[in-house]
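Student: Would you be able to build a 3D model of this:
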Amino acid sequence: MTDRDTAFADYFAARSDAMRRTAYLLCGDWHRAEDLVQVAFTKLYLAWKRIAKREAMDAYARQTLVRTFLSERRLGWFRKESVASEHADVPITGYGPEDRMVLQEALKQVPPGQRAVLVLRYWEDMSVDETAHVLNCSTGTVKSQAARGLQTLRGLLTDQMTPTVDRKRTAG
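Tutor: Alright, predicted model coming up:
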């Protein structure tokens, strides 16, 4: 194995799980997320020797993943086929499984461009400028897509979520 291959294998081992979680938020299916990550890392490997700034690797990998997701959605070849009524979940500390499942299902219904902005801005915690750079669009587009995406998400969640009352705070 060459130094290049070793460096890439180390990077893949360190970042593939995080990329898979991001891909899941984009597409809503764990198997599809694995496919997206595989395609993104294949593209990354092909460009590995041309990438001079290793410290910018995460941003490049994330950008490749998001663009791969959006490109495949635009091409129209992707057809969603569900063989089970439930999707696998990864536990998130601090939230109930019902809330997480409702949010993930609602996120799947947000249009792909808006979903990409929401995932990058609020899951990846990227700034408006960083998100615009990754998506190759203006900051105004990011802001409007985030606003529309949040509005869509709120509309979807309003009907599905029931407010809960903390009885410890209200008692007394």
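Student: Show the contacting residues for the residue nearest to the spatial centre of the chain.
Tutor: The residue lying closest to the centre of the chain (Cα atoms, centre = their mean) is Thr22, at 3.3 Å. Thr22 is in contact with Arg62, Leu65, Val119, Trp123, Glu124, counting by Cβ atoms under 8 Å, 6 or more residues apart in numbering. For every residue, glycine as well, the C-beta is placed using N, CA and C.
Student: Nearest to His31 among those residues?
Tutor: Leu65 (15.6 Å; Cβ to Cβ).
Student: Could you check the pLDDT of that closest one?
Tutor: On the pLDDT scale, Leu65 is placed at 93.
Student: That one and Met19 touch, don't they?
Tutor: Yes - assessed by Cβ atoms under 8 Å, Leu65 is found in contact with Met19 at 5.9 Å.
Student: any shared contact partners between the two?
Tutor: By the contact definition Cβ under 8 Å, 6+ apart, Leu65 and Met19 are jointly contacted by Val37, Ala40.
Student: For these two, indicate the residue with more neighbours.
Tutor: Leu65 (26 against 23; other Cβ atoms under 10 Å).
Student: Tell me the spatial nearest neighbour of that one, not counting adjacent residues.
Tutor: Leaving out its chain neighbours, the residue that sits closest to Leu65 by Cβ to Cβ, 6 or more residues apart in numbering is Ala40, at 4.2 Å.
Student: burial measure for that neighbour, as a count.
Tutor: Quick note: Ala40 (other Cβ under 10 Å) scores 24 neighbours.
Student: which residues touch it?
Tutor: Counting by Cβ under 8 Å, 6+ apart, Ala40 has contacts Met19, Ala23, Ala61, Thr64, Leu65, Thr68.
Student: is it true that Val128 touches Val142?
Tutor: Yes - here Val128 reaches Val142: they are 5.1 Å apart, a contact under Cβ under 8 Å.
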